[in-house]
Every structure is written in structure tokens, then in C-alpha cells.
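>>> Take a look and give me a structure for this.
(one chain, ligands or ions: 1)
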Amino acid sequence: MRIDIISVAPELIKSPFEHSIINRGIRKGLVEVHFHDLRKYAVNSYGKIDDYQFGGGAGMVLMVEPIDKCISQLRSERTYDEIIYMTPDAKVLDQQMANTLSLKENLMILCGHYKGVDQRVRELFITKEISIGDYVLSGGELGAAVLCDSIIRLIPGVIGDETSALSDSFQDGLLAPPVYTRPSDYKGHKVPDVLLSGNFPIIEEWRIDQAQERTKKIRPDLIKKNKK
Ligand code: ADE
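You can find the predicted model right below:
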């Protein structure tokens, strides 16, 4: 997979790709991530990429022209499965979206900034808009990092233990059950006996029960969503 990220602050987003599981995916050659500084496509030599909004109102808006130039340059080099815009006024990212995107070859992600992008960018180039939650961040960069992490860890070979990503919270529409490791007794706080029993069908049943209980208690909305 190849991911191209367009941003006015590419430095802000690089670090999550330099560590741990995501970096392992890159080092193994399973994913390539390229960062593009929108200012390189500015409309003048002062690096202008934004302007006041028509009709008045606070906040600068990213202009169509620099974004058009950057996206067109990338599109002339390869075909993109999706051109994604990170914005709070969009559908909220969920596991299903991450699963679907993890199967794609080429993704482009545009990070919004300031007051957002000129609406014509969304109409002309964007194929998918994604929010990472119902709150406003100062830009789309952190959202793009979250999105990329959720996708890259699903690419076969990125996570060492293949079954691990499938047993994550949300993969079956439920929160994950509790997990324990050594010691089995920590200052009198014991690991549930069933996990030490060696009886794997019973352990699996216990995990499903726990996942259902947790979901009912913490995220009852997920249960309703799955019933639909
Ligand atoms: N940009 C600003 N807020 C955002 C959010 N919640 N999700 C994605 N991009 C954003």
C-alpha cells in the first residue's frame, strides 16, 4: 500500500510513522508513506495557500489552486483508490471503514487546517470524508495519523501475531474482553480461575461473555448499532 499525505504542517504528522508497529510495516516494505507540503504548491512566492472567506467570518480557508496543483501532480503519477479529506463534519471513523481501507493500494489524505478547505476542493477531488470524532482539532494531521494507524496495523504481516488484529475491540462489534499476564496473584488480586484452567472452549465462552458485558455497560450504542 502507498499513502500520500498532503498537509500545511507535514512535520506534525511524521513522528507516529517512525516508531513501533507502523514503522515495522514501513521497514518491511508493506506500506510506503509520503508527505507533501502544501506550501510547495503556493499561489505566489510568499507561500500563499489560504485566504479570507467570501461572505465574511473568522478564519482562513485553504484555497483551491494549491490543492488542485498538488493532487493533480500526484494523480498524474498513479491512480488513487480514495482521496480522503480529514474534517470534523464527516462520518466518524470506525473499524469497518479501517478494514475496507486496509485493502486498498493507493490512498491520498488531505489534511484540513484553519477554517477548512474551499468547498470546491471537496466537490472536485475528494472521494471520502472522514472525522475521527465529534470534537474539533486544530488540523487534520492528528486525524490522518489516527486513520493511518488504524489501517496500517490491519495489513497482513504488519502485526506479528496475525490473529491479534482480528481479536481487537470492535472487530466483532464488541469491546475486547479483559486480558491478564503474570503474576496470577498480584498482592491478593487474582486472575480469574477460568483463564488458568487450560480449557480453551470454556475460556473462549468466558471471553465472549465478558466482551458482551463490557459493551452493554460502557457502549450500549454498539449493541444497538449491530442489531440494525
Ligand atoms: N480536523 C479537525 N477536527 C477533526 C476531526 N475531529 N476529525 C478529522 N479531522 C479533523
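
>>> The protein: helices as residue ranges?
11-14, 20-27, 64-77, 95-101, 119-124, 141-152, 162-166, 193-196, 200-218, 220-227 (DSSP state H).

>>> Which of these has the highest mean neighbour count?
helix 141-152 (a mean of 22; mean count of other C-beta atoms under 10 Å). All C-beta spots, glycine's among them, are computed from the backbone N, C-alpha and C.

>>> does the ligand sit close to it?
Yes - with C-beta under 6 Å from any ligand atom as the criterion, the ligand is reached by helix 141-152 at G143.

>>> tell me what that helix is packed against?
strand 2-7, helix 11-14, helix 20-27, strand 82-92, helix 95-101, strand 106-111, strand 128-131 (3 or more C-beta pairs under 8 Å, 6 or more residues apart in numbering; DSSP states H and E).

>>> pLDDT (mean, whole number) over it?
The average pLDDT for helix 141-152 rounds to 97.

>>> Would you mind pulling the contact partners of it?
Helix 141-152 has contacts (C-beta atoms under 8 Å, 6 or more residues apart in numbering) with 1, 3, 5, 7, 9, 12-13, 16-17, 21-22, 25, 30-31, 33, 84, 86, 93, 95, 98, 101-102, 107, 109, 111, 130-132, 137, 158.

>>> ok, of those, which come out buried?
The neighbour count (16 or more other C-beta atoms under 10 Å) marks 1, 3, 5, 7, 9, 12-13, 16-17, 22, 25, 31, 33, 84, 86, 93, 98, 101-102, 107, 109, 111, 130-132, 137, 158 as buried among those.

>>> OK, contacts around I155?
I155 makes contacts with M1, G25, L30, V31, S102, as judged by C-beta under 8 Å, 6+ apart.
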